[in-house]
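K.L.:
Need a 3D model of the following:
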Amino acid sequence: MLHANAFLAALSPSDTAALRPHLKATHLQQKTVLYEAGDLIKAVYFPINAVVSLVVSLATGEMTEAAMVGRDGAIGMASALDGKIALSRAIVQLGGDAMVCDPAAFRGAAMQSESLIARVMRHEQALFAQAQQSTACMAHHEVDARLCRWLLRARDLSGSDQLPFTQEFLAEMLGVRRTSVTAVARTLQEAGMVKYTRGKIEILDVEGLREGSCECHETINEQYGQLLS
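P.N.:
Numbers count the residues shown, from 1 in each chain. Alright, predicted model coming up:
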């Protein structure tokens, strides 16, 4: 399963050998909270086909997604850089398989390998760049373009056109009212880009979504390609 996660697949043979004994297969259930902001990071997750959102919560109860991680990266890897405290909530938005590693074991392997610690740093840089892009996207792009971008990102990471999301969940991730998501989802469905039934979105026209998306989808892909290739 290691080859199914881009971060693990790109490791050198020696780094793979060092990590392999500490990696265990697990299944992540949808809506599971892996950790809350302020929690001690107790596991490093390498998604295979699961997708995890890093979410910032406000005192009022409102939530907004800062970044989305799937088979292109990992969750909790900052623990290798001594970042033992989670800065945001990590919630499984799409259930699926993952590899999991004890943070101490992962940090030990990283401290023994210049190539591994360098890759960890580039991954965290890519994650930070995604969060920055998401902030700019929320401030300057319309809801319809943002929803198209979000659906494309979820599709990229899950490898599926079937996305089990409610409108309430989409509204939370985008930081908008549910009525806004309802209106945009109806427009996308009427345009033949998606088919929406209660709690499930099927993507029908990927190119249409790309045309309707803001620049942020391609920008994030380019940043990950530059930093993690």
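K.L.:
And stretch 93-102, end to end?
P.N.:
This stretch, stretch 93-102, spans 22 Å end to end (C-alpha to C-alpha, to the nearest Å).
K.L.:
Residues in contact with that stretch: which ones?
P.N.:
1-2, 5, 8, 19, 22-32, 43-53, 68, 70, 154, 157-158, 163-165, 169, 173 (C-beta atoms under 8 Å, 6 or more residues apart in numbering). The way it works is simple: take the backbone N, C-alpha and C, and place the C-beta from them, glycine included.
K.L.:
what are the ranges of the helices in this protein?
P.N.:
Secondary structure of the chain (DSSP state H): helices at 6-9, 13-19, 103-111, 114-140, 143-158, 167-174, 178-190, 206-212, 216-228.
K.L.:
Report the buried residues of stretch 92-104.
P.N.:
Val92, Gln93, Leu94, Gly95, Gly96, Asp97, Ala98, Met99, Val100, Cys101, Pro103 (16 or more other C-beta atoms under 10 Å).
K.L.:
That stretch: end-to-end distance?
P.N.:
End to end - C-alpha to C-alpha - stretch 92-104 spans 23 Å.
K.L.:
State the mean pLDDT of that stretch.
P.N.:
Across stretch 92-104, the average pLDDT comes to 95.
K.L.:
next one: stretch 151-161
P.N.:
Here the average pLDDT along stretch 151-161 is 94.
K.L.:
circling back to that earlier point, ChimeraX command for the buried members of the contacts of stretch 93-102?
P.N.:
Buried members of those, identified by 16+ other C-beta under 10 Å, are gathered into one ChimeraX selection as follows:
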select :5,8,19,22,23,28,43,44,45,46,47,48,49,50,51,52,53,68,70,154,157,158,163,165,169,173
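K.L.:
sorry, back to before: as a markdown table, the helices of the chain with distance to Ser88 would be great.
P.N.:
What follows is those, written out as a markdown table (distance: least, C-beta to C-beta, whole Å):
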| stretch | distance to Ser88 |
| --- | --- |
| helix 6-9 | 19 |
| helix 13-19 | 25 |
| helix 103-111 | 17 |
| helix 114-140 | 9 |
| helix 143-158 | 17 |
| helix 167-174 | 13 |
| helix 178-190 | 22 |
| helix 206-212 | 26 |
| helix 216-228 | 17 |
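K.L.:
Nice, that's everything, thank you.
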